[in-house]
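Novice: make a model of this:
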Amino acid sequence: MNRSLLVTTTVILSLSVLHGCTSAPPRANPSATAGNPGAADPESSSAAPMPVVVPAADVALPPIVRAPWTYGGDGDVGEVIETSRFRIHTTARDSRIVDRIGPFMEAALNQYTTTITDLPRPSRAVNTYLFRDRDQWTIKTREVLRNQASDFRNLGRGGFTTGGTAVLYDIGLKDTLSIAAHEGWHQYTQTTFRDPLPLWLEEGVATYMEGFRLSRDGFEFRPWYNWERFGTLRTAVRRGRLIDLEDILEHTPQAFLNEGKNDLLVYYAQGWALVQFLVEGENGRYRPQLERVLRDAAMGTLHDTLVKAMPDRRRAIRGGLGRALIDGYFTDDFEAFRREYLRFISAITQRGAGYAINQGISPIEPDDAAPAP
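Specialist: Numbering: from 1, shown residues only. The predicted structure is shown next:
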């Protein structure tokens, strides 16, 4: 598997613009992955408890319609694949990807709306462009992002989402589907959530949704099956290169990209770990709050709830929703929360954890990430 940087990104508007909006506007959600070293046989599968596993065979997939389509950028002939909630325009030549992408995205949507908590289904279909190579992707990027397109020249392999439309290109079967699952989350929130999530959580959940395995029966979505994020996190721990939690919460992905691609990779790996922590760390202490955050964002009550909860309302507005979300929903003891998060990272990157990751299951047992009595 190619270990070069995979990047999924979109143009980030300022938090002052996002805060208080009644629907998620076009914005950028940068993310990066780095290959899949040591992954298990993609044709194998293993059992894991729900809700983190969503076999495609259990999803009632709608009919899929395929028709010829010509890309106007260079006249290349491809096809449009239409499902109930996705309209995928593609010039990709790999039949393994083209044949799977429609049912895969519908199964991914089921993952988005059921795995952490029950969330509303989208009311309309979204557009995805999946090109055969980076040249076509570059043409489309210039068309969509115009003056901002130059920001993406050095971002490596990947794609972006803006206004609910994802623009991707073929980077191999596993990586293309992983990045499509990531960008699909952005498409979902940008068109369905009434309040946008803070960037750290938007990206963290998107990375949480990346993990899947191909099986003879279809797809199994397993948030722990993500060697890209796990490997980056483990390396950062061993080299003492973890990013401070408050920096993760308060800074944009672009800020870390400016420091170098490796810092951006660590940002995404730690965001992945942070959502895993909120889902099951400290014996599941924070999961109910995470579920409430997602439901409130979907319903449009997240920002009002935070403003009412913050003693200094101006700080919540000016500072965005990074640290404010932790203070308003999860805990009033941020330092204890930070220690618990770091203890969780230590537990999931300990020696032997890779075996569990390879199975797509949690590398910790109950109480592993909790302090000893």
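
Novice: now stretch 78-89: buried residues?
Specialist: Buried residues in stretch 78-89, counted by 16 or more other CB atoms under 10 Å: 78-83, 85-89. Where C-beta positions appear, they are placed from N, C-alpha and C, glycine not excepted.

Novice: any low-confidence regions in the chain?
Specialist: Along the chain, segments meeting pLDDT under 70 span 1-62, 150-156, 260, 311-320, 366-373.

Novice: show me which helix runs longest in it.
Specialist: helix 261-284 (DSSP state H).

Novice: quick check: buried residues in that one?
Specialist: So, applying 16+ other CB under 10 Å, buried residues of helix 261-284: 261-282.

Novice: helices or strands up against that helix?
Specialist: Where contact means 3 or more CB pairs under 8 Å, 6 or more residues apart in numbering; DSSP states H and E, helix 261-284 is packed against strand 31-33, helix 199-208, helix 227-238, helix 245-250, helix 253-259, helix 287-299, helix 334-348.

Novice: the third one: which residues count as buried?
Specialist: Okay, so that is helix 227-238. Per 16+ other CB under 10 Å, helix 227-238 contains these buried residues: 227-237.

Novice: state the number of residues packed around Thr191.
Specialist: Using other CB atoms under 10 Å, the number of residues around Thr191 comes to 18.

Novice: contacting residues for the closest residue in space to Asp296 that isn't next to it in sequence?
Specialist: Nearest non-adjacent residue to Asp296, counting by CB to CB, 6 or more residues apart in numbering: Leu302, 4.2 Å away. Going by CB atoms under 8 Å, 6 or more residues apart in numbering, Leu302 touches 195, 197, 293, 296, 321.

Novice: measure the last one to Asp175 for me?
Specialist: For Leu321, the distance to Asp175 (CB to CB, to the nearest Å) stands at 30 Å.

Novice: give me phi/psi at Arg85?
Specialist: Dihedral angles of Arg85 (phi, psi; degrees, to the nearest 10) stand at phi -130, psi 0.

Novice: what's Thr70 sitting at in phi/psi?
Specialist: The phi/psi pair for Thr70 (degrees, to the nearest 10) is phi -110, psi 130.

Novice: next, count neighbours for it.
Specialist: Thr70, neighbours per other CB under 10 Å, totals 14.

Novice: same thing with His186?
Specialist: 29.

Novice: can I assume it sits in a helix?
Specialist: Yes. With DSSP: H, G, I helix; E, B strand; the rest coil as the criterion, His186 is part of a helix.

Novice: once you drop chain neighbours, what's closest to it?
Specialist: Thr161 (4.1 Å).

Novice: hmm, the one you found is touching Thr191, no?
Specialist: No. Using CB atoms under 8 Å as the test, Thr161 is too far from Thr191 to be in contact (10.2 Å).

Novice: Ile97 reaches Ile171, doesn't it?
Specialist: No. Using CB under 8 Å, Ile97 is not in contact with Ile171; the gap is 9.7 Å.

Novice: export the host helix or strand of Asp304 as PDB, just CAs?
Specialist: In the assignment (DSSP states H and E), Asp304 maps to helix 302-309. Taking Å, rounded to 0.1, in the frame of the first residue of the first chain, the C-alpha atoms of helix 302-309 are listed here in PDB:
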ATOM      1  CA  LEU A 302     -25.800  23.300  19.700                       C
ATOM      2  CA  HIS A 303     -24.700  26.900  19.600                       C
ATOM      3  CA  ASP A 304     -27.500  28.300  21.700                       C
ATOM      4  CA  THR A 305     -26.800  25.600  24.300                       C
ATOM      5  CA  LEU A 306     -23.200  26.500  24.400                       C
ATOM      6  CA  VAL A 307     -23.800  30.300  24.600                       C
ATOM      7  CA  LYS A 308     -26.200  29.800  27.500                       C
ATOM      8  CA  ALA A 309     -23.700  27.500  29.300                       C
END
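
Novice: perfect, I'm done here.
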